[in-house]
Every structure is written in structure tokens, then in C-alpha cells.
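> Sharing a model that was predicted from the sequence below.
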Amino acid sequence: MTASHYLIFGDLHGRILPAFRLAMAWEREHGLRLDGLLQVGDLGYFPDPARLDKATARHAADDPLELGTCLVVHPNREADEILQGNDGPPPPLWFTAGNHEDFDALAGMESGGGRRSSSFAVDAYLLVRCIRDGQVEMLPGTLRVGAVWGIDDKAPNARRRTPERGRIKHRSLTALAASTFDVLLSHDGPRDAVLVGSGSEGLGTLIDLARPAFAFFGHYGSRYGRVGATTGGTQVYHLAGFEMRRGGSCAEEGSVGLLTWESESGTFEYLDEGWLRGFTRHNWQHMAG
């Protein structure tokens, strides 16, 4: 059986086109076609700039990349050049919802996405798909991906003012615990996996019960690495935010990784730091796919 390949991205906060461009540059330089892209929430899905949450609005005042969703929800020249260029479209991106999203806008897209589908498109190009909360999506290459939306609101150091749909739901954890999947995408991580007193006990229990091969999450800034807060053989990885803010405005170390999947098993490794340093907020638009 031929191996399948997927890039996993940390928090994007609007940097959707840069993520696609990086994937296309990686394909070109490595001579390998990707089967898909995965993203761990805080995509920054705010199609209407008037509806930004406070944190996103604060960052967007200094960084227009935070508003990147606006460039994919309606056809435009900048997106056309990347997503409909001469080399063909990039691989699709599947994501779970974090806590910095417009949940009303997501609900509107979800209601029109077909009840039988495990995911729904949120962009004009049909390349950005949100996996429904508590459901499993089959990706090209037969990779089964389960998704949990939101962050924990019960830990000692949990954020208490998160929107209702931005909180982890017990029913979503229960649904996935009774499902079979290879990869878990969540925004938050298991309890104490990154910071003591933060994270979700429910996610840790889900991983122990369902035992996917991999679990990926973001949410905790520039930190990244494999964590050992769960048992059962699952490899659990935290990804740094992909924001191109630090270290010469380049893609952050630990913000993107490669999952190789074959015959119901796989490997994961973060992309080379040196390679990521060549991808910056100043040159990403000119890195041909």
C-alpha cells in the first residue's frame, strides 16, 4: 500500500493562504504530493471583520494576516493566484474549531453543509473544511480523523469567558469514545500536558479509551513537542502557532509537521527548522507552488 502524507499546522489565526502556500512550496521542493492538510483549531474563522472577538481585533490592528479568512470566503485575485494557479489547487485543509472563531458564521456554514457529511466547506474555493464536533472524517489515503471543538472550561486555570460553542462538550467526547479513528484533532490538550492546571481531563480520557495512533493540539502559543500525559500507545503532539511573528518573521519552529500514514500506522516529525526559516511574512506570496 502506498503511503499517504499530510502536513499538520498549529494555530493559524487567519493565515490560511500562507499555510496553503507553504504546503505547495514543500511539495515542490520535496517532489511529493500531499494528500491533505490538518489544522488544530484557532483557524481564525472570522469572515466578517466587524465580528472579530476582542483578542483577534487587538492583534489585527497591527497584523493584517489575522484577517486572512476574508481572502478565502469570496473569490478574489490574491486567492485565485494561489488556489487556482497554473500548478493546480493545493491539497484541501481540514480543521477543528478552537476558541477564536466566529461560531455563528460556522453554524451557518454547517447548516448548509449536508447533515450526512462529517465536514463542511467554509470557503468559496471548497478547500477549507471544518470537521463537525465529535465526528470522524475519512481523508484521502484512508486516514480517519476525529475532531473535538473548543477548549476546556473546568480546569483550575481554564478560561471562563469562552463562548458556549468554544467549550469542549461532553457529548462530543462520548461520541468519539464510541468511534474508531486514527488521528484526534483538538484545540486544547489533555490536562496538565503543557501547563499544570490547564487542559482537559475529558480529552485525556478520550485518548485512553479510543486509542488513536496520534493526537494533535495547539492553543499554547510557541510551545511544542511530544507530550506524555496519556497512556494507551497514542502519540500526542503539541504544535506551536503558525504566525510568522518571531525570529525574523519566519514560520515558527514546531508550527508545522509531517504525518506519514501507511497500513494503519504512521510517523510524525516536525518540519526542519532551517527550512521553515526560509518561509517568512515578507516572501510567502512569492514562493511559487
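Nice, thanks for sending it over. Residues are numbered from 1 along each chain as shown.
> how many other residues sit next to the nearest residue to Asp104 once chain neighbours are set aside?
Of all residues not flanking Asp104 in the chain, Arg51 sits nearest, at 7.7 Å (C-beta to C-beta, 6 or more residues apart in numbering). No exception for glycine: its C-beta is placed from N, CA and C like everyone else's. Per other C-beta atoms under 10 Å, the neighbour tally for Arg51 reads 12.
> So which residue is dead centre in this structure?
For the chain, the residue sitting closest to the mean C-alpha position, by C-alpha atoms, centre = their mean, is Gln39 at 1.4 Å.
> The closest residue to Glu264 other than its chain neighbours and Asp188, how far apart?
Residue nearest to Glu264 in three dimensions, not counting chain neighbours: Asp182, with 7.2 Å by C-beta to C-beta, 6+ apart. Distance check for Asp182 against Asp188: by C-beta to C-beta, to the nearest Å, it reads 20 Å.
> Could you double-check that the residue nearest to Glu264 sits in contact with Phe214?
Yes. Applying C-beta atoms under 8 Å as the test, Asp182 and Phe214 come out as touching, 7.0 Å apart.
> quick one on the thing from earlier: would you mind giving both backbone torsions of the residue nearest to Asp104?
Backbone torsions for Arg51, taken as degrees, to the nearest 10, come to phi -110, psi 20.
> Then the one 10 residues further on?
Note on Ala61: its backbone torsions stand at phi -60, psi -30 [degrees, to the nearest 10].
> That one: neighbour count?
Ala61 is flanked by 10 other residues according to other C-beta under 10 Å.
> Look at Asp182 and Phe214 and report which has more neighbours.
Using other C-beta under 10 Å, the more surrounded residue of Asp182 and Phe214 is Phe214, with 23 against 20.
> Could you give the number of residues near Leu127?
When neighbours are defined as other C-beta under 10 Å, Leu127 has 21 of them.
> before we move on, back to that, so what pairs up with the nearest residue to the residue nearest to the centre of the chain once chain neighbours are set aside in the strands?
The shortest distance from Gln39 to any non-neighbouring residue, by C-beta to C-beta, 6+ apart, is to Phe95 (3.9 Å). Per DSSP bridges, the residues bridged to Phe95 are Gln39, Cys130.
> Phe95 and Ile131 touch, don't they?
Yes. Look at Phe95 against Ile131 with C-beta under 8 Å: they come within range, at 7.1 Å.
> between these two, who's got more neighbours?
Comparing Phe95 with Ile131 by other C-beta under 10 Å, the one with more neighbours is Phe95, at 27 against 24.
> quick one on the thing from earlier: what residues are shared contacts of Phe95 and Ile131?
Common contacts of Phe95 and Ile131 (C-beta atoms under 8 Å, 6 or more residues apart in numbering): Leu185.
> per-residue confidence for Ala229?
As predicted, Ala229 sits at a pLDDT of 49.
> ugh, typo on my part, it should be Gly141
Gly141 is given a pLDDT of 89.
> who are the neighbours in contact with it?
Taking C-beta under 8 Å, 6+ apart, we find Gly141 in contact with Ser4, His5, Tyr6, Asp35, Gly36, Trp261.
> which neighbours do Asp182 and Phe214 share?
Gly266.
> that older thread, so the residue nearest to Asp104 touches Asp102, yeah?
Yes. Counting by C-beta under 8 Å, Arg51 does reach Asp102; the two are 5.3 Å apart.
> Any stretches of this structure with poor pLDDT?
Where the chain drops to pLDDT under 70, the residues are 1, 113-114, 229-232, 288-289.
> Test my guess that the residue nearest to the centre of the chain contacts Trp94.
Yes. Gln39 lies in contact with Trp94 (C-beta under 8 Å); the separation is 7.2 Å.
> got the contact list for the residue nearest to Glu264?
Contact analysis of Asp182 by C-beta under 8 Å, 6+ apart lists Leu143, Arg144, Val145, Pro212, Ala213, Phe214, Trp261, Glu264, Gly266.
> Just flag the most distant two among these.
Maximum pairwise distance among the contacts of Asp182 (C-beta to C-beta): 13.8 Å, between Val145 and Glu264.
> So for the two, which residue has more residues nearby?
Val145 (25 against 11).
> Tell me who's in contact with the more buried one.
Taking C-beta under 8 Å, 6+ apart, we find Val145 in contact with Leu38, Trp94, Ile131, Val136, Glu137, Met138, Leu139, Phe181, Asp182, Val183, Leu184, Leu185.
> Break down the stretch 101-250 of the chain into its helices, ranges please.
For the stretch 101-250 of the chain, the helices defined by DSSP state H, counting those that start in this stretch occupy 103-111, 170-177, 201-210.
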